[in-house]
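Asks: 3D model of this:
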Amino acid sequence: MYKAFFKRIIDLILAIIALPFWFIILIIVAPIIYFSDKGPVFYNSYRLGKNGRIFKIYKFRTMKINSPDIRNEDGSTYNSDDDPRLTKFGKFLRKTSLDETPQLINIIKGDMSIIGPRPDLPEQRELYTGNEERKLEVKPGVTGYNQAFFRNTIPWKDRIQNDIYYIDHMSFLFDLKIFFKTVISVLSRKNIFTINGNTKTKCIFNQRI
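Replies: Prediction:
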């Protein structure tokens, strides 16, 4: 009952309550992003949703205009504290996780949940093996089991298995534990970026901003 009904109701209630506070963040953050390089405020890209449905995800832009898309060797997106593609303010947004707050819109639209697996890029579905398609059984989340307890300290494939573990053990109490652990992780600002040297990278020639 929780997974099928109450989870969505809780998502909607919390997202609507948070929306006025997010508008305050938007009023402050948007001009800083725009006037830093006259680029767009938002970075919108496509992600895999429940049952493999592709949807547009919303974020505050943290990178310089026309930055190259760099991927880790396992196909996951590259991130690093010394990533030259990040703007100065973008690095602050990443460290505070404020860049993810526009996903309140995704929650209200029904694309995402507050708690769930972080969504992968559409092309990453081709890299799924074994039971990894099970990650698509539920809506992706703004935060999740990996983000709360591990953030970017473990490989992408391990994160998928953690996502499946979450799906198999989903409950209100588990979501509550993840939510409060996420708050602690964000405030501590630890393990935000992939540890350099542990992950090989390659440049994809698609452009992103």
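Asks: for this protein, give me the ranges with low pLDDT.
Replies: 74-75, 189-209 (pLDDT under 70).
Asks: show residues contacting stretch 153-173.
Replies: Stretch 153-173 has contacts (CB atoms under 8 Å, 6 or more residues apart in numbering) with 2-3, 6-7, 10, 72, 74-76, 116-118, 128, 131-132, 134-135, 137-138, 144-146, 150, 174, 178, 191, 195, 199. No exception for glycine: its C-beta is placed from N, CA and C like everyone else's.
Asks: out of those residues, which sit inside helices?
Replies: Judged by DSSP state H, helices contain the following of those: 7, 10, 145, 146, 174, 178.
Asks: format these as TSV; extra columns: neighbour count and distance to residue 57.
Replies: As requested, the ones in helices among the contacts of stretch 153-173 are exported to TSV (neighbours: other CB atoms under 10 Å; distance: CB to CB, whole Å):
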residue	neighbour count	distance to residue 57
7	21	19
10	17	21
145	27	19
146	24	17
174	14	24
178	24	19
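Asks: farthest-apart pair in these, please.
Replies: Across those, no pair lies farther apart than 10 and 146, at 20.5 Å, counting by CB to CB.
Asks: quick one, strands of this structure?
Replies: With strands called from DSSP state E, the chain shows them at 42-48, 54-60, 67-72, 113-115, 141-143, 201-208.
Asks: so can I have JSON lines of these showing distance to residue 88?
Replies: Formatted as JSON lines, the strands of the chain follow (distance: least, CB to CB, whole Å):
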{"stretch": "strand 42-48", "distance to residue 88": "16"}
{"stretch": "strand 54-60", "distance to residue 88": "14"}
{"stretch": "strand 67-72", "distance to residue 88": "14"}
{"stretch": "strand 113-115", "distance to residue 88": "29"}
{"stretch": "strand 141-143", "distance to residue 88": "24"}
{"stretch": "strand 201-208", "distance to residue 88": "18"}
